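J.: Here's my sequence, what's the structure:
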Amino acid sequence: MNVLTISLLGGALIGLGLFTLSRALFPARPGLAARLSATDGLRRESEISVSVISREEVSPFRRRLGESMGRFYAARGWEMRSARADLALLGRSWDGFLATKCLLGAAGLLSAPLVAGWVSLMGWGLNLSVPLWSALVIALIFFMLPDVQLKRDAAAKRRDFRHAVGAFLDLVSMNLAGGRGVPEALMMASSVGDGWAMVRVREALSNARIVGITPWQALGQLGEEVDLDELRDLSSALGLVAEDGAKVRQSLAARAETMRKRELAEVEGQAGERSQSMLVAQLLLCAGFLIFLSYPAAMKMLGS
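T.: The predicted structure is shown next:
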């Protein structure tokens, strides 16, 4: 490595250190949009019911790190509504999620000495910038891994929640047919099951009385919290026809049937995808078996 490259790397590290020191000593003041967003977030958190489902336990160090990252996000107006909804659905902490991203990114940066040592052991005359760029790429991948896992887990959890909402609509329709009013029918339907989804619905309806809002408004807030369109649509529909029991029953029955048809279509689609995957695996297995059978004959012909 020549002197110019070492000088450039040293200058870059010194500049990065000075920039980090200046940002730590003189943090950026949040703009008007960030302050309004933070105020609106506090208002929504005070309105939304707090679930008693077990939350993620976060260590003090991770909590402090997550709070620092949260302030960094808020100062730039990065709301991350989709990630917050997924975390609320899974019962995980926002601070813990941000801390996990930072720690995994830092772990990726620590791979630079490992890559450099491996390159030196192999005796390859590569530039020092190769391990550095490799570590940056690994750190970026590690930093994005929690987002990928969060999306995957939230999609499965939201699918289960959607299935529970379909059963909840059927129960509400049955209670309405028995002569109960809409608020009483909602509470009776939510008290039937003990699954985590029914528990979330039951808590939202119970806290609606304390907050002083209607049950369908509480369902709408729960839908906003966990990003579930079915609950938001149900809240809007109940708000429009809450006074007419017959229309409510018809609307709920139609929505429950639509959700069942959608779930059936999704299950059939997943079954078709798995069938195609099995077919491809069988074709590859047959191709490998044919190569195994023809390899001795081909080698004998080429040898002769």
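J.: Apart from its neighbours in sequence, what residue is nearest Val172?
T.: For Val172, ignoring the flanking residues on the chain, the nearest one in space by CB to CB, 6 or more residues apart in numbering is Ala189 at 4.4 Å. (Each C-beta comes from the backbone N, C-alpha and C, glycine too.)
J.: Touching whichever helix or strand that neighbour is part of from outside, list them.
T.: Assigned by DSSP states H and E, Ala189 belongs to helix 182-190. Here helix 182-190 makes contact (CB atoms under 8 Å, 6 or more residues apart in numbering) with 168, 171-172, 174-176, 180, 198, 201-202, 205-206, 214-216, 219, 238, 242, 245, 248.
J.: In strands only, show me these.
T.: In this view, the contacts of helix 182-190 have no member that belongs to strands under DSSP state E.
J.: What's the local residue count around Arg255?
T.: 19 (other CB atoms under 10 Å).
J.: And the closest residue to it other than its chain neighbours, how far from Val201?
T.: Setting aside the residues directly before and after it, Arg255 is nearest to Leu169 in space (CB to CB, 6+ apart), at 5.6 Å. Separation of Leu169 from Val201 (CB to CB, to the nearest Å): 11 Å.
J.: Between the two, which has more neighbouring residues?
T.: More crowded of Leu169 and Val201, by other CB under 10 Å: Val201, with 26 against 23.
J.: What residues does Leu252 make contact with?
T.: For Leu252, the contacting residues are 169-170, 172-173, 176, 234, 237, by CB under 8 Å, 6+ apart.
J.: Ok, Pro215 next?
T.: 182-183, 186-187, 205, 208, 238.
J.: Next one, pLDDT for it please.
T.: Looking at Pro215, its pLDDT reads 87.
J.: any idea whether Trp78 is helix, strand or coil?
T.: Under DSSP: H, G, I helix; E, B strand; the rest coil, Trp78 falls in the coil class.
J.: where's Ala99, which helix or strand?
T.: Per DSSP H and E: helix 94-109 holds Ala99.
J.: distance of the nearest residue to Arg84 once chain neighbours are set aside from Arg200?
T.: Nearest non-adjacent residue to Arg84, counting by CB to CB, 6+ apart: Trp94, 6.2 Å away. In this view, Trp94 and Arg200 are 18 Å apart by CB to CB.
J.: Could you do Ala298 as well?
T.: Taken as CB to CB, the span from Ala298 to Arg200 is 63 Å.
J.: Torsion angles phi and psi at Asn70?
T.: For residue 70 the amino acid is Gly, not Asn. In terms of degrees, to the nearest 10, the main-chain angles of Gly70 are phi -60, psi -40.
J.: Do you know the pLDDT at it?
T.: Gly70 is given a pLDDT of 85.
J.: about what we covered before: what about the residue nearest to Arg84, how many residues nearby?
T.: Other residues close to Trp94 by other CB under 10 Å number 19.
J.: any chance you could map the helices in the stretch 201-304 of the chain?
T.: Remark: helices assigned in the stretch 201-304 of the chain by DSSP state H, counting those that start in this stretch are 215-226, 229-241, 245-303.
J.: buried set for the second one?
T.: Of the residues in helix 229-241, those scored as buried under the neighbour-count criterion (16 or more other CB atoms under 10 Å) are 230-232, 234-235, 237-238, 241.
J.: ok, so of these, who is nearest Glu266?
T.: Nearest to Glu266 among these: Glu230, at 13.6 Å, using CB to CB.
J.: wait, that closest one sits on Gly223?
T.: Yes. At 7.2 Å, Glu230 and Gly223 qualify as touching, with contact defined as CB atoms under 8 Å.
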